[in-house]
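[1] Provided below are the primary sequence and the corresponding predicted coordinates.
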There are 2 protein chains.
Amino acid sequence: MTYCVGIQLNEGMILASDSRTNAGVDQVGSYPKMFTFVWKEERQFVLLSSGNLATTQGVVHRLFLDSENPSCETSLRTVTDMHAAADYVGVVSTEVQKRADSRQDPQVRFEATFILAGQIGSARHAMFLIYPEGNHIAPSPYHPFLQIGETKYGKPILDRIVHADMSMDDATRCVLVSLDSTMRSNLTVGPPIDLLRIYRDRIDGGIRARLGQDDPYLLSLCKHWHRGLERIFHGLPPFNWERVKEQP
Amino acid sequence: MTYCVGIQLNEGMILASDSRTNAGVDQVGSYPKMFTFVWKEERQFVLLSSGNLATTQGVVHRLFLDSENPSCETSLRTVTDMHAAADYVGVVSTEVQKRADSRQDPQVRFEATFILAGQIGSARHAMFLIYPEGNHIAPSPYHPFLQIGETKYGKPILDRIVHADMSMDDATRCVLVSLDSTMRSNLTVGPPIDLLRIYRDRIDGGIRARLGQDDPYLLSLCKHWHRGLERIFHGLPPFNWERVKEQP
């Protein structure tokens, strides 16, 4: 499984992905799920992937090939806005899935889901979740984040904390806490964590970090969070059972 | 959807369930999902239910009918241990499902999942999760809780806090926090919350409470938890992006 999350702020975007892949419990691997496509000062894209690994690798390969092919009419290099970029990734994804579907058992699924974030020229930075069917959605202005993969464990903290005006630093800590909660509760999501910070109107590929299982910052953050939760928990008001009347 | 959780401690058991049911977004209802069967000083059972509402109501009705029927050989009144009680509920559940399946579209699912907790005589109190297929599992000694329904949002806090030696009061707050996290992130889980405390070797039906949306204790707990989380969050060590080298 996978967990990827992107937060779209007024100031820019923070993206993060885990690296664990598994096809059954005895075939566990570690693959990056974050891919960047950067034409400095012109346009930049980040793709986060979840789903069938052959499909996601096929899609990423095709996006790179198309971008480098000067005779290719539609590619990340040529699309004129972020919406068109999401359309294009959706088309590539459905094509790669169909190729596998046509050769195989109809019971086996080759689906993949993506988050595409980026900025083209001076247009506003944007983010889309691209479904296996190729269609896509932008994040809500009230909850300006998108998640793919194993999304539920890490959603409560995002629901509580994230808003479009928060700082890039707060958003960074928030995605790491969300990933930590997910990794604790689900073994199919695991480190290293890829982390990317992109400021609005700075088309420089952003800054990328990779945090391994023993990364001192990650260990410190997780310890602070865990101890903090225990501390709040033990400070919660006790439920007064004695006041409750027994009911049949 | 539904969220029910039970914690099995050395000292006793805490159980909780939400009350929201939905068959599509325009058919939302409020039904109890917690049912008790008590023969004072002799035996007691609590059943938490999730899944198809017709199935769960059919199962509960049948359990009550069997218990009151003196000529019924196997019922909650007659089973000799908790394992046999779980077997019996599993058999009733598969029978009720089959009856609906045989009359309807094979595409429609009539599945139900249960948590059965209780104590028979002086034997140790026990808890089982009963799958739609009728088989069942007990909780792990390392994570002595069981969840059914929409389980993922509320699992991280249980994973962090619950252990078999914790106090009944801590377990009570823990299930309420777990329910609060779930209700915030998923609209198909909603109040009122049914809450039950059963002490080991006190076969008196326990104490039951029902907490509505505006229950002052619930509001206070959720506010404390939310503010506490925000406070820890803002006290987390910041990630030092400046130390990270830019990567291509």
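    Sure thing, it's come through.
[2] what are the buried residues along stretch A:169-178?
    The neighbour-count criterion (16 or more other CB atoms under 10 Å in any protein chain shown) identifies A:170-178 as the buried residues of stretch A:169-178. Where you see a C-beta, it was placed from the backbone N, CA and C, and this is true even at glycine.
[3] what's the local residue count around A:Phe45?
    Burial measure for A:Phe45: 24 neighbouring residues, criterion other CB atoms under 10 Å in any protein chain shown.
[4] ok, A:Gln97 to chain B distance?
    Taking CB to the nearest CB, to the nearest Å as the measure, A:Gln97 falls 24 Å from chain B.
[5] tell me who's in contact with that residue.
    With contact set as CB atoms under 8 Å, 6 or more residues apart in numbering or on different chains, A:Gln97 has these partners: A:52, A:55, A:110-112, A:132.
[6] before we move on, back to that, out of the buried residues of stretch A:169-178, which are close to chain B?
    Of the entries in the buried residues of stretch A:169-178, those that also sit close to chain B under the rule CB under 8 Å from any CB of the partner chain are A:170, A:172-174, A:176-177.
[7] distance to A:Glu150 and secondary structure for the residues you listed - can I get that in CSV?
    Shown next, in CSV, are those (distance: CB to CB, whole Å; DSSP: H, G, I helix; E, B strand; the rest coil):
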residue, distance to A:Glu150, secondary structure
A:Asp170, 23, helix
A:Thr172, 20, helix
A:Arg173, 20, helix
A:Cys174, 17, helix
A:Leu176, 16, helix
A:Val177, 15, helix
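[8] rewinding a little: for the contacts of A:Gln97, which one is nearest chain B?
    Taking CB to the nearest CB as the measure, A:Glu111 is the one of those closest to chain B, at 19.8 Å.
[9] right, and that closest one touches A:Thr55 too?
    Yes - between A:Glu111 and A:Thr55 a contact is recorded at 7.1 Å, counting by CB atoms under 8 Å.
[10] compare these two (neighbour count), which wins?
    Set side by side, A:Glu111 and A:Thr55 show more neighbours around A:Thr55, with 23 against 16, by other CB under 10 Å.
[11] run through the neighbouring helices and strands of the helix or strand harbouring the more buried one.
    Secondary structure from DSSP states H and E places A:Thr55 in helix A:53-68. Here helix A:53-68 is seen to pack against strand A:34-39, strand A:43-51, helix A:82-101, strand A:112-120 when contacts are counted using 3 or more CB pairs under 8 Å, 6 or more residues apart in numbering or on different chains; DSSP states H and E.
[12] same list (those) but as JSON lines, adding mean pLDDT.
    Listed next are those as JSON lines, based on pLDDT from 0 to 100:
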{"stretch": "strand A:34-39", "mean pLDDT": "96"}
{"stretch": "strand A:43-51", "mean pLDDT": "97"}
{"stretch": "helix A:82-101", "mean pLDDT": "95"}
{"stretch": "strand A:112-120", "mean pLDDT": "98"}
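[13] as TSV, the ones you listed with distance to B:Met82 would be great.
    Below are those laid out as TSV (distance: least, CB to CB, whole Å):
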stretch	distance to B:Met82
strand A:34-39	49
strand A:43-51	41
helix A:82-101	47
strand A:112-120	42
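[14] listing partners with orientation, what would you give for the helix or strand bottoming out on mean pLDDT in chain A?
    For chain A, counting by mean pLDDT, DSSP states H and E, strand A:28-30 ranks last in confidence among helices and strands (a mean of 80). According to DSSP bridges, strand A:28-30 has the following sheet partners: strand A:20-22 (antiparallel).
[15] could I get the average pLDDT for the partner strand?
    Mean pLDDT, computed over strand A:20-22, is 82.
[16] what does that strand rub up against?
    For strand A:20-22, the external contacting residues (CB under 8 Å, 6+ apart) are A:1-2, A:28-31, A:53, A:188-191.
[17] repeat the analysis, applying 7 Å as the threshold.
    A:1, A:28-31, A:53, A:188-190 (CB atoms under 7 Å, 6 or more residues apart in numbering or on different chains).
[18] one more: stretch A:111-123?
    Residues external to stretch A:111-123 that are found in contact with it (CB under 7 Å, 6+ apart): A:4, A:6, A:13, A:15, A:42-52, A:55-56, A:59, A:81-82, A:85-86, A:89, A:93, A:97, A:125-132, A:146, A:148, A:203.
[19] and for stretch A:152-169?
    If you take CB under 7 Å, 6+ apart as the criterion, stretch A:152-169 is touched by A:3, A:5, A:7, A:9-12, A:14, A:141, A:143-145, A:147, A:174, A:177-179, A:181-182, A:185-186, A:197, B:152-153, B:155-156, B:181, B:184-185, B:226, B:229, B:233, B:238-239.
[20] filter those residues down to the ones in strands?
    Assigned to strands by DSSP state E, the following of the contacts of stretch A:152-169 qualify: A:3, A:5, A:7, A:12, A:14, A:145, A:147, A:197.
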